[in-house]
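Q: what shape does this take:
(one chain, ligands or ions: 1)
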Amino acid sequence: ALRRTALADHYAAQNLAAPAAMDAFWMPFTANRQFRGTPRLLASAEGMYYRDVDGRQILDGTAGLWCCNAGHARPRIVEAVARQVATLDFAPNFQMGSPLPFVLAERLKAIAPRPLDHVFYTNSGSESVDTALKIALAYHRARGEGQRIRLIGRENAYHGVGFGGISVGGLPNNRKWFGPGLPAVDHLRHTLDIGRNAFSRGLPAHGVELAEDLERLVQLHDASTIAAVIIEPISGSAGVILPPPGYLQRIREICDRHGILLIFDEVITGFGRVGEPFAAQRFGVTPDMMTTAKGLTSGCVPMGAVFVSEMIHRAFMQGADSAIDLFHGYTYTGHPLACAAALATLDTYEEEGLFTRALELEAYWQEGLHALRGKPHVIDIRNYGLIGAVELAPQDGAPGARGYQVLERAFRKGLLVRITGDTVALSPPLIVERRHIDDIFSMLGEVLDGL
Ligand code: PMP
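A: Got it, this is the predicted structure:
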């Protein structure tokens, strides 16, 4: 059921042979058989908009997958990447290097909270998470505390799809197919509590006591066995779960008390999404490591970065001079194209003041979002920075069906949203203007009215 004409035209315009079928590409996190019946195919993007293969304009309500924070096809970024591929397309970074990763690391250090002064590059959020977990284990071992191997995540957390990430992650579907995962892992409860916090604006009032879960796990397992705790300051993929005020502070205090490292997974919250470079700064809580990706290059070239504190870094730098200090890395660590994209992206954020823009628009965003209260099936609305979520009551016996309907109908209307289950999540590029915000909520409102 390929829409032959539109697709064929599109492929022809690009001098490509149209595929005979659509099953050779096994799509990620997708109902592949269902998708082929109603393919949604994006062909181009510029600024706040995508165009699909039929030439229809689609307003980007989710910055791609929470990543295109600077908007699409920004000329400065496009030119930087094009120039770089023609100059130095690839350079190894094992025992040699090239200039850009060093330049970029200084720029990243300058916007990170102190003392997160060191940067390890990866290619994705999943790799950033697994890298941070490995650094945590190796850190304790380097200090003679090799028995600290336990990792603690949270229920409902999303930390990517590596074996480390799904082990500390807490989404059952992402775990149950793939065996036991890492051996010594435990989970805190998450802080989503619609019963007490429905329709909160900004951070939810109730639930700070849930941080005490960590103290309980420390008593259960003994602090001497625990390496690190990993937490999304705001979880995105699980449907936007916000921390009650004081929650992250308490987690930090408990970690400090017991010598446990605290990792913030800022893959979604990093690079301006909540009005500061990182959520750590907005919340006033500094972790020992931060995992990032997505907004680092505004999504245009895959790249991730783990920010590492001075204390952790120092523990690795005390070995004999000739020893490799961390036996870890990727062929594409510090890839020149990714570095060029990231530098041009940071320039764009800075020159256009996009992080403060997110803060300035927050109240307007919140008003528009909460105006959807009262629409059919809406049971909760959550927001922070330029993040929003509308949770719908699941259809009897068919959880997720309503969410999927919204995705499909919004796309047809010309709006890109993200769904997890029956929660509709929004996170527009930070170049969003009031008129786009109006359009997002009026289109979403119409879709909800039709449910
Ligand atoms: N951590 C978090 C908090 C994420 O939201 C994501 C992706 N949505 C990841 C990790 C994984 O990133 P990637 O898909 O780039 O591997």
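
Q: quick check: residue 451 touching residue 376?
A: Yes. With contact defined as C-beta atoms under 8 Å, residue 451 counts as touching residue 376 (5.0 Å). C-beta coordinates here come from the backbone N, C-alpha and C atoms, glycine included.

Q: the more surrounded of these two?
A: residue 451 (14 against 11; other C-beta atoms under 10 Å).

Q: burial of the residue of the stretch 1-150 of the chain found nearest the ligand, as a residue count?
A: Closest approach of the stretch 1-150 of the chain to the ligand (C-beta to the nearest ligand atom) occurs at residue 125, with a separation of 2.2 Å. The number of residues packed around residue 125, counting by other C-beta under 10 Å, is 30.

Q: all strands for the stretch 1-150 of the chain, in order.
A: 42-46, 49-52, 57-60, 118-122, 150-154 (DSSP state E, counting those that start in this stretch).

Q: now the ones you listed in CSV, with mean pLDDT and mean neighbour count?
A: Shown next, in CSV, are those (pLDDT from 0 to 100; neighbours: other C-beta atoms under 10 Å):
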stretch, mean pLDDT, mean neighbour count
strand 42-46, 96, 15
strand 49-52, 96, 18
strand 57-60, 98, 19
strand 118-122, 98, 24
strand 150-154, 98, 26
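
Q: could you check the pLDDT of residue 237?
A: Looking at residue 237, its pLDDT reads 93.

Q: how many neighbours does the closest residue to it other than its chain neighbours have?
A: The shortest distance from residue 237 to any non-neighbouring residue, by C-beta to C-beta, 6 or more residues apart in numbering, is to residue 158 (3.6 Å). The number of residues packed around residue 158, counting by other C-beta under 10 Å, is 26.

Q: same check on residue 407?
A: Counted by other C-beta under 10 Å, the residues lying close to residue 407 total 18.

Q: pretty sure it contacts residue 420?
A: No. Counting by C-beta under 8 Å, residue 407 sits too far from residue 420 to count as a contact (10.4 Å).

Q: residues in contact with residue 103?
A: The contact partners of residue 103, by C-beta atoms under 8 Å, 6 or more residues apart in numbering, come to 339, 343.

Q: now the residue positioned nearest the centre of the chain, what's its secondary structure?
A: What sits nearest the mean C-alpha location of the chain, by C-alpha atoms, centre = their mean, is residue 268, with 2.7 Å. Secondary structure, DSSP: H, G, I helix; E, B strand; the rest coil: residue 268 is coil.

Q: now do the helices in the stretch 201-350 of the chain.
A: Remark: helices assigned in the stretch 201-350 of the chain by DSSP state H, counting those that start in this stretch are 212-221, 247-258, 279-283, 310-316, 336-351.

Q: of those helices, which approaches the ligand most closely?
A: So among the helices of the stretch 201-350 of the chain, helix 279-283 is nearest, using C-beta to the nearest ligand atom, at 10.7 Å.

Q: which residues sit against the closest one?
A: 113, 233-234, 243, 248-249, 264, 266, 269-270, 273-276, 286-287, 290, 385.

Q: near the ligand, which residues of the protein?
A: Applying C-beta under 6 Å from any ligand atom, we find that the chain lies next to the ligand at 124-126, 129, 158-160, 232, 236-237, 265, 267-268, 293.

Q: which among those residues count as buried?
A: In the residues of the chain next to the ligand, burial by neighbour count holds for 124-126, 129, 158-160, 232, 236-237, 265, 267-268, 293, counting by 16 or more other C-beta atoms under 10 Å.

Q: excluding its backbone neighbours, what's nearest residue 198?
A: Nearest residue to residue 198, sequence neighbours excluded (C-beta to C-beta, 6+ apart): residue 380, at 4.9 Å.

Q: the residue of the stretch 1-150 of the chain closest to the ligand touches residue 270, doesn't it?
A: No. Under the criterion of C-beta under 8 Å, residue 125 is not in contact with residue 270, lying 9.7 Å apart.

Q: shared neighbours, those two?
A: Shared contacts of residue 125 and residue 270, defined by C-beta under 8 Å, 6+ apart, comprise 292-294.

Q: okay if I get those residues as TSV plus distance to residue 187 and pLDDT?
A: Converted to TSV, these look like this (distance: C-beta to C-beta, whole Å; pLDDT from 0 to 100):
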residue	distance to residue 187	pLDDT
292	23	99
293	23	98
294	24	98
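
Q: ok, so of the residues you listed, who is nearest residue 318?
A: For those, the residue nearest residue 318 by C-beta to C-beta is residue 292; the value is 26.3 Å.

Q: list the beta-bridge partners for the closest one.
A: Here residue 292 sits in beta bridges with residue 305, going by DSSP bridges.

Q: likewise residue 388?
A: What pairs with residue 388, by the bridge criterion (DSSP bridges), is residue 383, residue 426.

Q: so who does it touch?
A: 240, 365, 369, 381-382, 425-427.

Q: for residue 70, which non-adjacent residue is spatially closest?
A: Leaving out its chain neighbours, the residue that sits closest to residue 70 by C-beta to C-beta, 6+ apart is residue 298, at 4.0 Å.

Q: for that neighbour, report the pLDDT, please.
A: 98.

Q: how far away is it from residue 347?
A: Relative to residue 347, residue 298 is positioned 11 Å away (C-beta to C-beta, to the nearest Å).

Q: one step back: which of the three states applies to the residue nearest to residue 198?
A: Under three-state DSSP, residue 380 falls in the strand class.

Q: the ligand versus that one, what's the distance?
A: 20 Å (C-beta to the nearest ligand atom, to the nearest Å).

Q: so that residue touches residue 393, yeah?
A: No. Residue 380 is not in contact with residue 393 according to C-beta under 8 Å; the separation is 9.5 Å.

Q: and these two? Which one has more around it.
A: residue 380 (22 against 12).

Q: so how far is residue 240 from the more buried one?
A: Taken as C-beta to C-beta, the span from residue 380 to residue 240 is 10 Å.

Q: mutual contacts of those two, please.
A: By C-beta under 8 Å, 6+ apart, the residues touching both residue 380 and residue 240 are residue 389.

Q: relative to the whole chain's centre, how far out is the least confident helix or strand in the chain by mean pLDDT?
A: With mean pLDDT, DSSP states H and E as the measure, the helix or strand of the chain carrying the lowest mean pLDDT is helix 4-13 (a mean of 75). A distance of 33 Å separates the centroid of the chain from that of helix 4-13, by C-alpha atoms, centre = their mean, to the nearest Å.

Q: perfect, that will be all.
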